[in-house]
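Asker: Got a predicted model here, sequence first, then my questions.
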Amino acid sequence: MLGLGLLAASPADATDIPPLASLERSCALIGRRLASVDYADCIGAGLRPGLTASVQGLPLLWRDFPATPARADPQRILLIGGIHGDEFSSISIIFQWMRRLQGDRRQPFHWRVMPLLNPDGLMRVPETRTNARGVDLNRNFPTPEWDRTALPY
């Protein structure tokens, strides 16, 4: 998985993975860190825990918003926030966008929304742009000249 420093559950490495936190636990932690998103907002957003977790066992939360009205083959959009744990505003904006999508009765796209890709960075005190392994997720995508330009930065 692009070396993002994330753990995926599989029988071979199950002993190396911390217990996966529940949706309720994740929302409680998010609610404590963000002034703009409380526990009820997070729970009410209809998020689902993914099968992939952060290094510290926090699930990567997501939600799909199908096109309305339903279409045979709608364009798909992946909306990701919280790549850097120290950028609270990106997470807050994603929660606001999900509220908008919930109320939008006529939108032509299928959205997959992940409000927080780096829960370990958000929960760390002080918060940090990197994950629990010190990986800057935003600098860890394979791009042209990645070895030459991203690593020194």
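Answerer: That came through, no problem. As the structure is a prediction and not an experimental result, all values here were calculated from the model.
Asker: I'd like the average pLDDT over the lengthiest helix in the chain.
Answerer: Determined from DSSP state H, the single longest helix within the chain is helix 88-103. When pLDDT is averaged over helix 88-103, the result is 96.
Asker: Find the residue ranges of this structure scoring beneath the pLDDT cut-off.
Answerer: For the chain, the stretches flagged by pLDDT under 70 are 1-18, 141-143, 146, 149-153.
Asker: residue ranges of the strands in it, please?
Answerer: With DSSP state E as the criterion, the chain has strands at 7-8, 48-53, 59-65, 76-80, 110-114.
Asker: got the CA coordinates for stretch 60-67 in CSV?
Answerer: Provided in CSV are the C-alpha atoms of stretch 60-67 (Å, rounded to 0.1, in the frame of the first residue of the first chain):
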residue,chain,number,x,y,z
LEU,A,60,-9.4,4.7,9.0
LEU,A,61,-13.0,6.0,8.9
TRP,A,62,-14.9,6.4,5.7
ARG,A,63,-18.4,6.9,4.2
ASP,A,64,-19.9,6.6,0.7
PHE,A,65,-22.4,9.1,-0.6
PRO,A,66,-24.0,7.6,-3.8
ALA,A,67,-25.1,9.8,-6.6
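Asker: residues in contact with that stretch?
Answerer: 6, 23, 26, 45-50, 52-54, 74, 98, 101-102, 107-117, 119 (CB atoms under 8 Å, 6 or more residues apart in numbering). Just so you know, the C-beta spots here come from the backbone N, C-alpha and C atoms, and that holds for glycine as well.
Asker: how much space between Gly85 and Pro108?
Answerer: According to CB to CB, to the nearest Å, Gly85 stands 33 Å off from Pro108.
Asker: and the two? which has more neighbours close in?
Answerer: Gly85 (26 against 10; other CB atoms under 10 Å).
Asker: Apart from its neighbours in sequence, what residue is nearest the more buried one?
Answerer: Gly121 (2.2 Å; CB to CB, 6 or more residues apart in numbering).
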